[in-house]
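1. mind folding the following:
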Amino acid sequence: MDVIKAIGERRAYRSLVPIEITEDLIEDLAHSAQLAPSCFNNQPWRFVFIREPEMLKKMHDALSQGNVWAHAASMIIAVFSKKEDDCIIRDREYHQFDCGLAAGFLVLRATELGLVAHPIAGYSPKKTKEIVGIPEDYQVITLIIVGKRSEKINPILSEKQIAWEKARPERKPLSECMSIDRFSEKSS
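-> Numbering: from 1, shown residues only. The predicted model follows:
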């Protein structure tokens, strides 16, 4: 699969069926993330791959009510870093950007492997740190929910989430997100 195909197929599905999470799969995903670019090659990202059923159940306490669908995950990946581990140039802290790139590489590799890797914002960083033992000085950037897409829509999803399962949510027009040579406000 080429990159453009993985980009096109990547979707934030919420209806999942269980899959086996092997050491090889974890290493494959981690290696893909490891190859992401970072400021001065600092590689500030850290990951905890949570796959044991007891640990996954504990992680359910860290999820927001809107992410109850993630209880069907076969793995949850905590992505975290700290600003001191990456470039800080005046007021620019690169660790979040670099973690985003690494997470993006991981998500695209998972897509290429036929998996769903769905980053979420609806979680408690504090509870996540407590459950998996992340030191206080780290910032949890995201949790990535991993599983296999189910053809059957999960009945716990909201109407909006069901619509997103059936069709890719509409993207903003490019004219709203880009300019050439100089910034311009464009109305849609």
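
2. next secondary structure element downstream of the longest strand seen in the chain?
-> Longest strand in the chain, counting residues (DSSP state E): strand 139-149. Using DSSP states H and E, the helix or strand that follows strand 139-149 towards the C-terminus is helix 159-166.

3. those strands in the protein, which residues are they?
-> Going by DSSP E, the chain shows strands at 16-17, 46-50, 75-81, 88-89, 92-93, 116-120, 139-149.

4. got TSV for the ones you listed, with mean pLDDT too?
-> As requested, the strands of the chain are exported to TSV (pLDDT from 0 to 100):
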stretch	mean pLDDT
strand 16-17	98
strand 46-50	98
strand 75-81	98
strand 88-89	94
strand 92-93	92
strand 116-120	98
strand 139-149	98
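
5. ok, back up a step: export the longest strand of the chain to CSV, keeping only CA atoms.
-> Extracted C-alpha coordinates of strand 139-149, given in CSV (Å, rounded to 0.1, in the frame of the first residue of the first chain):
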residue,chain,number,x,y,z
GLN,A,139,2.2,15.5,29.3
VAL,A,140,-0.2,12.9,27.9
ILE,A,141,-0.8,14.1,24.3
THR,A,142,-3.4,11.5,23.2
LEU,A,143,-4.7,8.0,23.5
ILE,A,144,-4.9,5.9,20.4
ILE,A,145,-7.6,3.3,20.4
VAL,A,146,-6.7,0.2,18.3
GLY,A,147,-8.8,-2.6,17.0
LYS,A,148,-10.3,-4.0,13.9
ARG,A,149,-13.3,-2.4,12.2
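
6. shaky segments in the chain?
-> Applying pLDDT under 70 to the chain flags residues 1, 186-188.

7. can you pull out the helices in it?
-> With DSSP state H applied, the chain shows helices at 3-9, 23-34, 53-59, 95-112, 125-132, 159-166, 174-177, listed in chain order.

8. give the contact list for the residue nearest to R10 when sequence neighbours are not counted.
-> Spatial nearest neighbour of R10, excluding adjacent residues (C-beta to C-beta, 6 or more residues apart in numbering): T111 at 4.5 Å. All C-beta spots, glycine's among them, are computed from the backbone N, C-alpha and C. Neighbour list for T111: A6, E9, R10, A117 [criterion: C-beta atoms under 8 Å, 6 or more residues apart in numbering].

9. if you rank those residues by neighbours, which is first?
-> Within these, most neighbours by other C-beta atoms under 10 Å means A117, with 23 neighbours.

10. so what sits opposite the residue most central in space within the chain in the bridge?
-> Closest to where the C-alpha atoms of the chain average out (C-alpha atoms, centre = their mean) is P119, at 2.6 Å. With DSSP bridges as the criterion, P119 is bridged to I144.

11. would you check how far apart it and A70 are?
-> Here P119 is placed at a distance of 11 Å from A70 (C-beta to C-beta, to the nearest Å).

12. same question, G133
-> 20 Å.

13. what of V3?
-> Taken as C-beta to C-beta, the span from V3 to A70 is 27 Å.

14. lovely, talk soon.
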